[in-house]
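J.: kindly return the folded structure for what I paste below:
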Amino acid sequence: MIRLLFEFSAGNYHATPWGHHVNEGLVEWPPSPWRIIRALLATGYTKLGWQEIPDEMRRLVEALAASEPIYRLPSATNGHTRHFMPVRGWKKGVQKTSLVIDAFIKTDGALGVEWPDVDPSQHGILPRLLDRLTYLGRAESRVRARLVAGDEDLPGFAVSTRRTEPDDEPVRLLAPMASQQYDDWRRGSPRAPDDLLAALQIDTNRLQEEGWNFPPGTRELVYWRPASAFSHVSVPGWPDNAAVDRHDTALFALSTDKKRDVLPLMERTLPTMALFRRALLSRVGDEQKLGGCPELTGKDRQGEPLRCKHRHAHFIPLSLDSGSPQRIDHVLVYAPMGFGLLAEHGLRRLRTTWAKGMDDIAVTLIGIGKREAFREVGGDAIPELGSGTTWVSRTPFVPPRFLKSRGKDSIQGQVRAELQRRGLPDFAVAPTVARPTDENDAGSRAQWFRRFARSRQGKQEAPPTGLFHVALTLDRSVDGPICLGWGSHFGLGLLVPTNNGVCGPNC
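T.: Now for the predicted structure:
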């Protein structure tokens, strides 16, 4: 048995899966056997001065290709950074840029890989290659690699081609064919390289020139990664109770690299969040139809609405880019009741969503944890997760019942009822409702609220009338997010805290 250990010096691993664009925000985790073997070959050429493949390396490659490795994954989480790379040309005095998403895996330990059917004593070249291997995946994935002694344990999550748990996630990885299998396959592919070693060394330009959909001589293996493989990684300044309590918050980034597409307007909050929820439930699978995911569906196993003071998921639109404050560039999913394993599995698998008139929008998971961990992202505060006693509308409040001028169905009565249903304190003074004709910031926003959509795709229900800008002063300070009224689980009725009645540009 050959057992390898890869320690990522910076704690990050960068590699895009075969067949995917870098801006999809996907990471090949664990690294495919095809990638590992090619990295060893490249090390021989660059560090050992090979002019041609030595016989002992040929034997090693053939042995590794004939076996399916087993992985031991460390605790990890995924993340990304965004870069607007300059490109040639200018537009209206501003240099053109192209959005690039750099997705990565943040590891909390070393990655173990073992080939159970390979005898290490017959492959003495391997330690020399591992000692000189400097990166795996992209060049920023700095790595230290070594052989593992027979009596040394490899901790972590076991990942193999055998499914062991119902919530295991399939991961497709490229692996080279066995040498004899390649020879048989090549008889029907005369343009293929002469042998397996030549196929492993083919470069991208030749692949494109000859029109290969997959690298020649490869096979696709389906590995089953545990849903818990992406778990909480301790970060300085972040609370450590996320590993004990159920996570209740997930933050996603939205992006598109199509020049004719832009991110959805905040005015499209209701239909955009409804489509986001639909995309998320499609990743959960059939279990959500059986009531196995009440925190996302809001329904029990009998299909009845939950009676839990609105503790299931709220899909909250965020605009964290100060340059485009009216575009939805992030989505916060907040469920006070917490996420179960099935919900977390779906949250981690979500890759795309949709919006009216747009192609697929790429979705990148920034993190899952407790609400307190997301009050700041990248050093910038998220206003919707602030705290205070005075709150004003970020999106319009829609009364859930027909509005009357007085009594329990007045604005004051309906806001009070919404606060009580969510276990929030009563207001200290009556809510203030801005009119579109008011000559102040609140009046301007009330006028803007008239453009908000009040219907969802495929839904024929008649929404209540009225889109209101309200300001509340509660009798004690509370933490956000606060969403009240009709459509509150899809981004309507969202409020943000303000000091002395003055709200920032994104509220």
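
J.: surely residue 367 and residue 77 touch.
T.: Yes. With contact defined as Cβ atoms under 8 Å, residue 367 counts as touching residue 77 (6.4 Å). Bear in mind the C-beta positions are built from the backbone N, C-alpha and C, glycine included.

J.: give the next helix or strand downstream of the longest strand along the chain.
T.: If you go by DSSP state E, the chain has its longest strand at strand 76-91. Using DSSP states H and E, the helix or strand that follows strand 76-91 in sequence is strand 94-107.

J.: show residues contacting whichever helix or strand comes after that next one.
T.: Following strand 94-107 in sequence order, the next helix or strand is strand 111-115 (DSSP H and E). Outside strand 111-115, the residues within contact range by Cβ atoms under 8 Å, 6 or more residues apart in numbering are 1-8, 13, 30-31, 36, 63-64, 67, 69-74, 148, 154-156.

J.: give me that answer again for 10 Å
T.: 1-8, 13, 29-31, 33, 36, 63-74, 76, 105, 136, 143, 145, 148, 152-156, 158-160 (Cβ atoms under 10 Å, 6 or more residues apart in numbering).

J.: buried among those? Need that as a selection in PyMOL.
T.: Buried residues within the contacts of strand 111-115, by 16 or more other Cβ atoms under 10 Å, are selected in PyMOL with:
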select buried, resi 2+3+4+5+6+8+13+29+30+31+33+36+63+64+65+66+67+68+69+70+71+72+73+74+76+105+136+143+145+148+154+156+158+159+160
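
J.: helices - which of the contacts of strand 111-115 land there?
T.: Taking DSSP state H, the ones among the contacts of strand 111-115 that sit in helices are 33, 36, 63, 64, 65.

J.: pull up the gap between the second one and residue 43, please.
T.: Translated: residue 36. Note on residue 36: its distance to residue 43, by Cβ to Cβ, to the nearest Å, is 11 Å.

J.: now do the shared contacts for those two.
T.: With Cβ under 10 Å, 6+ apart as the test, residue 36 and residue 43 both reach 133, 145.

J.: any idea how the chain splits into domains?
T.: Per automatic domain parsing, the structural domains of the chain span 2-229, 244-373, 382-507.

J.: where does pLDDT dip in the chain?
T.: 88, 231-245, 257-261, 286-291, 322-324, 378, 457-464, 499-507 (pLDDT under 70).

J.: ok, now with 50
T.: Along the chain, the parts satisfying pLDDT under 50 run over 232-244, 500-502, 504-505.

J.: what's near enough to touch the most centrally placed residue in it?
T.: Nearest to the mean C-alpha position of the chain, by Cα atoms, centre = their mean, lies residue 365 at 1.8 Å. Counting by Cβ under 10 Å, 6+ apart, residue 365 touches 25, 77-80, 103, 230, 250-253, 333, 347-351.

J.: and what of residue 283?
T.: Shown in contact with residue 283 (Cβ under 10 Å, 6+ apart): 169, 296, 345, 346, 347, 348, 349, 350, 351, 352, 363.

J.: next one: residue 136
T.: Applying Cβ under 10 Å, 6+ apart, the residues near residue 136 are 6, 8, 13-15, 31, 35-36, 39-40, 111, 142-143, 145.

J.: separation between it and residue 298?
T.: 43 Å.

J.: now swap in residue 61 and tell me
T.: Taking Cβ to Cβ, one finds residue 61 at 53 Å from residue 298.

J.: now do residue 483
T.: 13 Å.

J.: one more: residue 51?
T.: 65 Å.

J.: what about the two, which has more around it?
T.: residue 298 (18 against 6; other Cβ atoms under 10 Å).

J.: residues contacting the more buried one?
T.: Contacts of residue 298 (Cβ under 10 Å, 6+ apart): 277, 304, 305, 306, 308, 310, 311, 312, 313, 335, 489.

J.: turn those into TSV, including distance to residue 115, secondary structure and neighbour count.
T.: Converted to TSV, these look like this (distance: Cβ to Cβ, whole Å; DSSP: H, G, I helix; E, B strand; the rest coil; neighbours: other Cβ atoms under 10 Å):
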residue	distance to residue 115	secondary structure	neighbour count
277	43	helix	21
304	52	coil	10
305	52	strand	11
306	49	coil	16
308	50	coil	13
310	52	coil	19
311	48	coil	18
312	46	coil	21
313	43	coil	25
335	42	coil	25
489	49	helix	20
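
J.: closest to residue 221 among these?
T.: Distances from residue 221 to the contacts of residue 298, taken as Cβ to Cβ, are shortest for residue 277 (33.0 Å).

J.: mind listing the helices for the stretch 101-250 of the chain?
T.: 125-132, 179-186, 196-200, 204-209 (DSSP state H, counting those that start in this stretch).

J.: so what secondary structure elements neighbour the first one?
T.: When contacts are defined as 3 or more Cβ pairs under 10 Å, 6 or more residues apart in numbering; DSSP states H and E, helix 125-132 sits against strand 2-8, helix 33-47, helix 55-65, strand 143-147.

J.: please name the spatially closest residue to residue 30 (chain neighbours excluded).
T.: Leaving aside its sequence neighbours, residue 30 sits nearest to residue 71 (Cβ to Cβ, 6 or more residues apart in numbering; 4.4 Å).

J.: ok, that neighbour touching residue 116?
T.: No. Counting by Cβ atoms under 10 Å, residue 71 does not reach residue 116; the two are 11.9 Å apart.

J.: who does the host helix or strand of residue 430 pair up with?
T.: For residue 430, the enclosing helix or strand under DSSP H and E is strand 427-434. According to DSSP bridges, strand 427-434 has the following sheet partners: strand 469-479 (antiparallel).

J.: list the buried residues of the strand it pairs with.
T.: 469, 470, 471, 472, 474, 478.

J.: thanks again, I'm all set now.
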